[in-house]
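Student: take a look and give me a structure for this.
(one chain, ligands or ions: 1)
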Amino acid sequence: EFVILNGNIINRSEASIDIEDRGYQFGDGVYEVIRVYNGKMFTAQEHLERILLSAKKIGMEITFTVEEMKTLLAELIQKNNVQLGTIYMQFSRGVSPRNHPFPVPAVPQSFVAYTKEIVRPLANLENGVKAILKDDIRWLLCDIKSLNLLGNIMAKQEAVAAGCYEAIQHRGDIVTEGSSSNISIIKDGKMHTHPADNLILNGITRRKIIEVCEKGSIPYVEAAFTLADLENADEVFLSSTTSEITPIVEIDGKQVGNGMPGPVTKKIQVLFDKEIE
Ligand code: PDD
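Tutor: Residues are numbered from 1 along each chain as shown. The predicted model follows:
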């Protein structure tokens, strides 16, 4: 199995990271998860542009271009012969004696990427999943796909402990996003999704959904919605690179709609499937 370490494709067994890597010690870095369908990256351009933007927002200028990363990642997929799976990639600010300020002069960033074979979550896509509600206690720069995921993983763990798949987070009355997904609702045929501001990650799957809503003439609005809107929604779904468009059929033990994936969600799933073919 091959991995990328600092721009080189090497054997995973030969890859090692220094104990003073700032990603390891401070979560000082950014990451992406990219889907691989039929041996090809899906929406690679969007993911790679987003990692450059995330890095910029934490004062890190990634030294690779989108094209350079694309070429390297495509080579990795080919070498590992991945047909269906994901690529995980991250950049940290690099290795330096532990100290909070950014290293001066700057040190080379650590760039790691590896592939994983995973199937599509067909049962969840078909039957839907359960979720809990959870206070969004994270910081106010959730638009950055940063390595600091404690708030997210603690929310996810609470969901898992409750026998659920996802935690739907809210700040006061406003629903923000899942612990590792975006949340959308359908009310009277219209799709509602939180605007792409600092309170959510602007999901690539979310953007694709907006695109297919336009193509499929499904009305939508990018506007914050409340817990009451969520409770009164006809349909609810989550979206992410790995979970695609997964219906949510139960929240805190209460059925969403009739407790089955709804027609608009199904229509969006079909339109989305066309994009990945
Ligand atoms: N998670 N919001 C959060 C907090 C996320 O972590 C993710 C993705 C999303 C959806 O973004 P996208 O559609 O671009 O995958 C929204 C990835 C998959 C992860 O951490 O594994």
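
Student: CA atoms for contacts and neighbours, from now on please.
Tutor: Noted.

Student: buried by neighbour count: which residues of stretch 35-50 qualify?
Tutor: Neighbour counts over stretch 35-50 (16 or more other Cα atoms under 10 Å) mark R35, V36, Y37, K40, M41, F42, T43, A44, H47, L48, R50 as buried.

Student: give me the mean pLDDT for stretch 16-27.
Tutor: The average of the pLDDT scores along stretch 16-27 is 98.

Student: just the CA atoms of that stretch, as CSV, please.
Tutor: Written as CSV, here are the backbone C-alpha positions of stretch 16-27 (Å, rounded to 0.1, in the frame of the first residue of the first chain):
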residue,chain,number,x,y,z
SER,A,16,6.7,8.4,9.6
ILE,A,17,5.8,11.7,11.2
ASP,A,18,7.9,13.6,13.8
ILE,A,19,6.6,13.8,17.4
GLU,A,20,6.8,17.6,17.1
ASP,A,21,4.7,17.9,14.0
ARG,A,22,2.3,20.8,14.7
GLY,A,23,-0.6,18.8,13.3
TYR,A,24,0.0,16.2,15.9
GLN,A,25,0.6,18.6,18.8
PHE,A,26,-1.8,21.5,18.1
GLY,A,27,-4.1,20.2,15.4
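
Student: contacts for that stretch next, please.
Tutor: Applying Cα atoms under 8 Å, 6 or more residues apart in numbering, the external contacts of stretch 16-27 come out as 28-29, 91-98, 110, 146-148.

Student: how far off centre is it?
Tutor: 22 Å (Cα atoms, centre = their mean, to the nearest Å).

Student: around the ligand, which positions in this protein sit nearby?
Tutor: In this structure, the chain approaches the ligand at residues 33, 179-182, 201, 203-206, 239-242, judged by Cα under 6 Å from any ligand atom.

Student: average pLDDT for stretch 208-228?
Tutor: For stretch 208-228, mean pLDDT rounds to 98.

Student: any idea how far S240 is from T65?
Tutor: S240 sits 24 Å away from T65, taking Cα to Cα, to the nearest Å as the criterion.

Student: of these two, who's got more company?
Tutor: Using other Cα atoms under 10 Å, the more surrounded residue of S240 and T65 is S240, with 19 against 11.

Student: report the beta-bridge partners for that one.
Tutor: E244 (DSSP bridges).

Student: so who does it touch?
Tutor: Contacts of S240 were listed using Cα under 8 Å, 6+ apart, and they are S180, S181, N182, G203, I204, T205, R206.

Student: could you export the residues you listed as JSON lines, including neighbour count and secondary structure?
Tutor: Formatted as JSON lines, the contacts of S240 follow (neighbours: other Cα atoms under 10 Å; DSSP: H, G, I helix; E, B strand; the rest coil):
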{"residue": "S180", "neighbour count": "22", "secondary structure": "coil"}
{"residue": "S181", "neighbour count": "26", "secondary structure": "coil"}
{"residue": "N182", "neighbour count": "24", "secondary structure": "strand"}
{"residue": "G203", "neighbour count": "21", "secondary structure": "coil"}
{"residue": "I204", "neighbour count": "19", "secondary structure": "helix"}
{"residue": "T205", "neighbour count": "21", "secondary structure": "helix"}
{"residue": "R206", "neighbour count": "24", "secondary structure": "helix"}
